[in-house]
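Peer 1: Compute the structure for the input listed below.
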Amino acid sequence: MACSCSQRKGNTQKTTENVQPTSNDKQTILPTTQCIACAQKHLDEAWVQFTEFGYSNENRRFVRGNLRAIVLHTYKEWPDISELARKCALLVQEAKDKEADDVFQRLCCMVDDEFLKANPDVKRRLLEMQSKEGA
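Peer 2: Numbering: from 1, shown residues only. Purely as a prediction, here's the structure:
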């Protein structure tokens, strides 16, 4: 999946040691590139599949894979997120869905908070939309 974080020159990508230049001067985002935007995308995909058809082995495999991709994108820069994503993947694997749902909720909050910290313009726009709704 393409990631636009490389175009933002580090706003969501704390380290670039795992980012490889390509022939057309764009960067290739590797599975271990520390990137909260990538982590958020994987979390969104895992969440949708988990809440849609959690009983399906195919969906559960997709959920676990995306949760483990979060681990790879966060283990150096956001170890708390990485640990929680791993725990959630194990709970899904063990079909402990109620516990997994609780962990998912915490994980979503943590990832969203870090994404907004790394992207203050996004946070500002969201707050503007929210204030317009309340007016």
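
Peer 1: now the helices: where do they sit in this structure?
Peer 2: Using DSSP state H, the helices of the chain run over 36-52, 57-74, 79-93, 97-118, 120-134.

Peer 1: among those, where is the model least confident on average?
Peer 2: With a mean of 92, helix 120-134 has the lowest mean pLDDT of those.

Peer 1: which parts of it are buried?
Peer 2: Within helix 120-134, no residue is scored as buried using 16 or more other CB atoms under 10 Å. C-beta coordinates here come from the backbone N, C-alpha and C atoms, glycine included.

Peer 1: residues contacting the closest residue in space to residue 45 that isn't next to it in sequence?
Peer 2: Leaving aside its sequence neighbours, residue 45 sits nearest to residue 66 (CB to CB, 6 or more residues apart in numbering; 4.8 Å). Counting by CB atoms under 8 Å, 6 or more residues apart in numbering, residue 66 makes contact with 42, 43, 45, 46, 49.

Peer 1: Let me have those residues in JSON lines, adding neighbour count and distance to residue 106 as columns.
Peer 2: What follows is the contacts of residue 66, written out as JSON lines (neighbours: other CB atoms under 10 Å; distance: CB to CB, whole Å):
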{"residue": "42", "neighbour count": "23", "distance to residue 106": "16"}
{"residue": "43", "neighbour count": "26", "distance to residue 106": "12"}
{"residue": "45", "neighbour count": "18", "distance to residue 106": "18"}
{"residue": "46", "neighbour count": "27", "distance to residue 106": "14"}
{"residue": "49", "neighbour count": "21", "distance to residue 106": "18"}
